[in-house]
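Engineer: coordinates only, sequence not included:
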Ligand code: DAH
């Protein structure tokens, strides 16, 4: 028995392996239930009492030796297979997927870039606003329907604190603390209490524009917006202005551009009119200038506001507005090449 123990001890100490499978084979050979060491433990019953102490001790040492050896082989094998086994330093790196810019960000960046070429800078304001900046300072009458619960999200039933329904609120914030010349665009998210459908959402994005200085006229408004339309939709784009009403501008207009799908001939997209609406605009109402601390006898200005989703829709023909906020990677990846 002592000889056998010595024999196994030598064999285990000398054990060398070249694969993880060989380690497993050695474990089975020595340590499994029917392994050689286990068999010796079975034979231990037959050892004469006076030798039991010595042989028992040797057997236990052998088992510890085998267990340690197998574990250390395993460990060294795992280390080396992680770090260097099969490592080919000349291989090109694996391609990894890069995310894409969101279509609304692409359109927003383009709008910003066009207006920055006309000297506009970016201004931002809070999404949680007060009644003054969203409505009162912008000449909304106290009973104007836009203040209604059906349109506006109020915070904790407080009629004074609300989620802004348009980015025009940034106009009054800027005018309150800046004297003209002011030339800003204000991109941001707005909220309206609308039933969600393919063409309406309870939140969407706008870019507001404001230009106030001495002698700003409607002709400046028209020319700036024509420049924008042609940069955004191509040099052949035509524009028309339809009289409209906004509390904060007088006169007010809605701007249409020629439908680029049918070239103005009329199609389903433009409802057979040849025109599609892109934004609202007008000359800043003197009441608004005065409410914000700008002398309306000295200064005049124009403003405009457009929905980013609307512009993105015209550029990319996204049929369902909800796609913009669902983060479906298949949809987002379609804009990979647009830069
Ligand atoms: N605030 C308007 C809206 O949300 C858009 C708008 C129209 C902004 C005319 C303007 C403007 O600055 O002059 O529908």
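Structural biologist: Structure received. Just so you know, these numbers come straight off a predicted model, no measurement behind them. Numbering: from 1, shown residues only.

Engineer: Might you enumerate the residues of the protein proximal to the ligand?
Structural biologist: When proximity is defined by CB under 6 Å from any ligand atom, the chain lies next to the ligand at 166, 168, 208, 246, 249, 280-282, 303-305. C-beta here means a position set from N, CA and C on the backbone, and glycine is covered the same way.

Engineer: Which of those residues fall in helices?
Structural biologist: residue 168 (DSSP state H).

Engineer: What about the residues of the chain next to the ligand, which are in strands?
Structural biologist: 208, 246, 249, 280-282, 303-305 (DSSP state E).

Engineer: if we can go back for a sec, now flag whichever of the residues of the chain next to the ligand is closest to residue 16.
Structural biologist: Closest approach between those and residue 16, by CB to CB: residue 208, at 76.3 Å.

Engineer: Reformat the residues of the chain next to the ligand as JSON lines; add distance to residue 88 and pLDDT.
Structural biologist: Below are those laid out as JSON lines (distance: CB to CB, whole Å; pLDDT from 0 to 100):
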{"residue": "166", "distance to residue 88": "58", "pLDDT": "96"}
{"residue": "168", "distance to residue 88": "60", "pLDDT": "97"}
{"residue": "208", "distance to residue 88": "56", "pLDDT": "98"}
{"residue": "246", "distance to residue 88": "66", "pLDDT": "94"}
{"residue": "249", "distance to residue 88": "67", "pLDDT": "97"}
{"residue": "280", "distance to residue 88": "61", "pLDDT": "97"}
{"residue": "281", "distance to residue 88": "62", "pLDDT": "98"}
{"residue": "282", "distance to residue 88": "66", "pLDDT": "98"}
{"residue": "303", "distance to residue 88": "62", "pLDDT": "98"}
{"residue": "304", "distance to residue 88": "59", "pLDDT": "98"}
{"residue": "305", "distance to residue 88": "58", "pLDDT": "97"}
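
Engineer: what would the residues of the chain next to the ligand look like in TSV with neighbour count?
Structural biologist: As requested, these are arranged in TSV below (neighbours: other CB atoms under 10 Å):
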residue	neighbour count
166	24
168	29
208	24
246	21
249	25
280	21
281	25
282	24
303	25
304	24
305	22
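
Engineer: Go ahead and name everything in contact with stretch 207-220.
Structural biologist: 108, 111-112, 115, 120, 166-168, 170-171, 174-175, 180-188, 221, 224, 251, 283-284, 289, 294, 298-306, 308 (CB atoms under 8 Å, 6 or more residues apart in numbering).

Engineer: Taking the residues you listed, please make a PyMOL selection of just the buried ones.
Structural biologist: In PyMOL, this line selects whichever of the contacts of stretch 207-220 come out buried by 16 or more other CB atoms under 10 Å:
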select buried, resi 108+111+112+115+120+166+167+168+170+171+174+175+180+182+183+184+185+186+187+188+221+224+283+284+289+294+299+300+301+302+303+304+305+306+308
